[in-house]
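> next come a sequence and a model predicted from it.
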Amino acid sequence: MSNAESAAELIDWYRARWEIELFFRVLKEGCRVEVLPLAEVERIETALGQATT
């Protein structure tokens, strides 16, 4: 792997990190998941908007 390819891979990993950080920021601030009572699977699924069957 060349230096340019290595640098591009590192940049991709760094970019992915910030996308993950943004996702968790939305969960914390937008959805307020830290204050939800998520002790049961059903409550987690409801909070994530998934239908249970």
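Cool, the structure landed.
> where does R25 land in three-state SS?
helix (DSSP: H, G, I helix; E, B strand; the rest coil).
> that one: how many residues sit nearby?
The burial count assigned to R25 is 10, neighbours taken as other Cβ atoms under 10 Å. Where C-beta positions appear, they are placed from N, C-alpha and C, glycine not excepted.
> and E42, how far is that from E34?
Relative to E34, E42 is positioned 19 Å away (Cβ to Cβ, to the nearest Å).
> just G49 next, same as before
Noted for G49: a distance of 17 Å to E34, by Cβ to Cβ.
> likewise for A7?
Separation of A7 from E34 (Cβ to Cβ): 36 Å.
> cool, and K28?
In terms of Cβ to Cβ, K28 sits 6 Å off from E34.
> higher neighbour count, the two?
K28 (12 against 9).
> could you give the backbone dihedrals for the more buried one?
K28 adopts backbone torsions of phi -70, psi -50, taken as degrees, to the nearest 10.
> just for this protein, where's the confidence low?
Counting by pLDDT under 70, the chain shows low-confidence ranges at 50-53.
> swap the cut-off to 50 and go again
Residue ranges of the chain with pLDDT under 50: 52-53.
> ranges for the strands of the chain?
Assigned by DSSP state E, the strands in the chain number zero.
> which parts of it are helices?
Assigned by DSSP state H, the chain shows helices spanning 3-25, 41-48.
> most neighbours per residue, which of these?
When the helices of the chain are scored by mean count of other Cβ atoms under 10 Å, the highest mean neighbour count falls to helix 41-48 (a mean of 12).
> gap between that one and the chain center?
How far helix 41-48 lies from its chain's middle: 16 Å, per Cα atoms, centre = their mean, to the nearest Å.
> same question, stretch 20-34
Distance of stretch 20-34 from the chain centroid (Cα atoms, centre = their mean) equals 8 Å.
> what's the end-to-end length of that stretch?
Stretch 20-34 has an end-to-end distance of 17 Å (criterion: Cα to Cα, to the nearest Å).
> how about stretch 29-43?
End-to-end distance for stretch 29-43: 18 Å, by Cα to Cα.
> distance-wise, check E40 relative to A16.
Relative to A16, and taking Cβ to Cβ, E40 is found at 31 Å.
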